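A.B. asks: Sequence and predicted model, in that order:
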Amino acid sequence: MVFYYKARPDAGDYTIYMGADKSENEELIKYGLPEDVWFHVDKVSSAHVYLRLKKGESIDSICDGLLEDCAQLVKAHSIQGNKMNNVEVVYTPWSNLRKSPSSDVGQVHFHNPSMVRVVIVEKRVNEIINRLNKTRVERRPDLQAEKDASNAAEKAERKMQLKEEKRRREETERMVKERQAEIRSYKGLMVAEKMTSNRQIASAARSMQEMEDDFV
């Protein structure tokens, strides 16, 4: 079971979701998407909360309101963290999560600790939790199918990008070849035997003048 929430409207159309238990968390870790950001209360047990960003967005582009929704939700779903003030919530891109053979169920490590961010939640804000709970929807998604579809779409998009890059490259090469052909053609017209010198022009002018004088 996965619980889905809608973030505050003024933050934009964003979905926040989390697993119902540790086993579900393992599935979410396994089948996450590149757009997902993972949230967890630091050093104590809590739910694994995810925020799905839009393509092209990064962890550092999350607005304050959206970040507060995610942090409040993960604090509220931590038995210890929910009772504490000034709780540290860590968050990082899904791609930075790492599982090792010795990891417990639901436990994660990080590939790059420098990609982990921390936000302090001073206290629980019931107004935020109540608003999020009103949007909650429970579903049993086929996470593998969703990831496969996302990978296929990304592959198709990349294929189109490569095709467009090839078209642009070929167009550039064609224009370069045409320009080079023009230069070669121009140089052919400029060869010495095909050019009229200033002396020849002056001589022709004198001959024309002499013809006019004879006529007169």
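C.D. replies: Sure, I can see it.
A.B. asks: Ser45: what's it in contact with?
C.D. replies: Ser78, Ile79, Gln80 (CB atoms under 8 Å, 6 or more residues apart in numbering). The C-beta positions use only the backbone N, C-alpha and C, and glycine is treated the same way.
A.B. asks: who's in contact with the last one?
C.D. replies: Under the criterion of CB under 8 Å, 6+ apart, the contact list for Gln80 reads Val41, Val44, Ser45, Ser46.
A.B. asks: Kindly recompute the last result at 7 Å.
C.D. replies: Val44, Ser45 (CB atoms under 7 Å, 6 or more residues apart in numbering).
A.B. asks: quick one: it and Lys177, what's the gap?
C.D. replies: 70 Å (CB to CB, to the nearest Å).
A.B. asks: now the contacts of Ser45 as CSV including pLDDT?
C.D. replies: Shown next, in CSV, are these (pLDDT from 0 to 100):
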residue, pLDDT
Ser78, 94
Ile79, 93
Gln80, 93
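A.B. asks: Narrow the residues you listed to those in strands?
C.D. replies: Among the contacts of Ser45, none falls in strands (DSSP state E).
A.B. asks: export the residues you listed to TSV and tack on distance to Gly32?
C.D. replies: Converted to TSV, the contacts of Ser45 look like this (distance: CB to CB, whole Å):
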residue	distance to Gly32
Ser78	20
Ile79	24
Gln80	25
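A.B. asks: so how far is Asp10 from the residue nearest the centre of the chain?
C.D. replies: Residue closest to the average C-alpha location in the chain (CA atoms, centre = their mean): Gly56, at 2.9 Å. For Gly56, the distance to Asp10 (CB to CB) stands at 20 Å.
A.B. asks: Check whether His111 really touches Lys99, as I assumed.
C.D. replies: No: using CB atoms under 7 Å, His111 makes no contact with Lys99, being 10.7 Å away.
A.B. asks: where along the chain do the helices fall?
C.D. replies: For the chain, the helices defined by DSSP state H occupy 22-30, 64-76, 126-134, 143-189, 198-215.
A.B. asks: What angle do helix 64-76 and the third one make with each other?
C.D. replies: When you say that, I think you mean helix 126-134. 80 degrees (axes from the mean of the first three to the mean of the last three CA atoms, to 10 degrees).
A.B. asks: Using CSV, list the CA coordinates for helix 126-134.
C.D. replies: The C-alpha trace of helix 126-134 is given here as CSV (Å, rounded to 0.1, in the frame of the first residue of the first chain):
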residue,chain,number,x,y,z
ASN,A,126,-1.3,20.3,12.8
GLU,A,127,-2.8,22.6,10.2
ILE,A,128,-0.3,21.3,7.6
ILE,A,129,-0.8,17.7,8.6
ASN,A,130,-4.6,18.0,8.5
ARG,A,131,-4.5,19.6,5.1
LEU,A,132,-2.3,16.9,3.7
ASN,A,133,-4.4,14.1,5.2
LYS,A,134,-7.5,15.5,3.5
